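Asker: sharing a model that was predicted from the sequence below.
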Amino acid sequence: MVRIGISVEGSTEVRFIQMLLQPYLEKKNIFITPVSMRGNISLDRVKFEVNRLMYSFDYVSTFYDFYGFKGVKEEDTKEILENRILQSVSKTMQEKLIPYIQMYEFEGLLFSSPQDMAYILQKDDIKNWAENILKKFNGNPELINNSSQTAPSKRLMVTPYRKVTHGPDIALKIGLNGIRKKCSGFDIWLKKLEYL
């Protein structure tokens with residue numbers, strides 16, 4: 001049995017993990033607990049939270065959006081941020097930490113299936129709308145982001161989308177396999193958890 005604490009951005013991510021990841025990983029004897037940071041993610045807050053969680057779990061991981069991470073410089077990448085998180089714990093604890101930053105934000109995962117998005121939001125025209133957005137990013141939901149006005153969550157504001165309710169429901173409808181096929185960054189992170 002392996003116990004993993006996952007520090008997450010907020011209640012949407014908590015619900016997503018409870019609905020999709022917990023049932024999947026429990027079958028592999030891996031028990032995960034999402035712990036909400038309630039937004040306002042910064043390296044200082046993450047450092048405190050991750051170090052606190054280290055003593056309660058076998059492993060600790062993170063699930064934060066790249067978009068909106070406080071203090072990010074223009075030249076920062078996902079890998080740079082993940083490395084900063086890793087360096088925020090002592091050398092002896094680093095083997096217990098699996099930092100993960102979602103590109104560019106959780107809502108990007110929902111573009112893995114425009115059809116399922118339209119089904120949950122109960123608006124047929126959303127399918128074509130989401131497909132057109134996806135085409136602009138070579139079919140990769142994790143690349144959707146050209147500015148603070150066009151991040152996935154901002155794009156969804158033109159729909160009936162309600163983050164905490166619809167986000168996890170759309171993800172559940174898509175399923176983990178559907179998300180993993182389209183979102184390689186997410187898939188790599190989940191594989192790391194699976195092999196603990």
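Answerer: Noted; the coordinates are in hand.

Asker: who touches Phe69 in this structure?
Answerer: When contacts are counted by Cβ atoms under 8 Å, 6 or more residues apart in numbering, Phe69 touches 41-42, 81, 101. Where you see a C-beta, it was placed from the backbone N, CA and C, and this is true even at glycine.

Asker: distance of it from Ile170?
Answerer: Note on Phe69: its distance to Ile170, by Cβ to Cβ, to the nearest Å, is 23 Å.

Asker: tell me the buried residues within the contacts of Phe69.
Answerer: Among the contacts of Phe69, those scoring as buried are 41, 81, 101 (criterion: 16 or more other Cβ atoms under 10 Å).

Asker: tell me which of the residues you listed fall in helices.
Answerer: Among those, the members found in helices (DSSP state H) are Leu81.

Asker: not counting its neighbours along the chain, what's nearest Glu142?
Answerer: Met103 (4.4 Å; Cβ to Cβ, 6 or more residues apart in numbering).

Asker: whoops, I mixed them up, Ser148
Answerer: Looking at Ser148 with Cβ to Cβ, 6+ apart, the closest residue is Lys154, at 7.1 Å.

Asker: that older thread, can you get me a residue count around the residue nearest to Glu142?
Answerer: 21 (other Cβ atoms under 10 Å).

Asker: show me what contacts it?
Answerer: Taking Cβ under 8 Å, 6+ apart as the test, what Met103 contacts is 66, 78, 142-143, 145, 185.

Asker: ok, so what distance separates it from Asp116?
Answerer: With Cβ to Cβ as the criterion, Met103 and Asp116 are 20 Å apart.

Asker: mind giving me the domain split of the chain?
Answerer: 2-104+184-194, 106-182 (automatic domain parsing).

Asker: with mean pLDDT added, can I get these in CSV?
Answerer: Formatted as CSV, those follow (pLDDT from 0 to 100):
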stretch, mean pLDDT
domain 2-104+184-194, 97
domain 106-182, 92
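
Asker: with the contacts of Phe69 in mind, which one is nearest to Ile32?
Answerer: Minimum distance to Ile32 across those is 17.5 Å, recorded for Ile101 (Cβ to Cβ).

Asker: mind listing the residues bridging to that closest one?
Answerer: Tyr64 (DSSP bridges).

Asker: residue contacts, it?
Answerer: Applying Cβ under 8 Å, 6+ apart, the residues near Ile101 are 62, 64-66, 69, 78, 81-82, 85.

Asker: of those, which is the nearest to Arg180?
Answerer: Lys78 (17.3 Å).

Asker: rewinding a little: how much space between the residue nearest to Glu142 and Gly39?
Answerer: 18 Å.

Asker: repeat for Phe31
Answerer: 25 Å.

Asker: related to what we said a few turns ago, tell me the two of the contacts of Phe69 that are most distant?
Answerer: Ser42 and Ile101 (13.0 Å).
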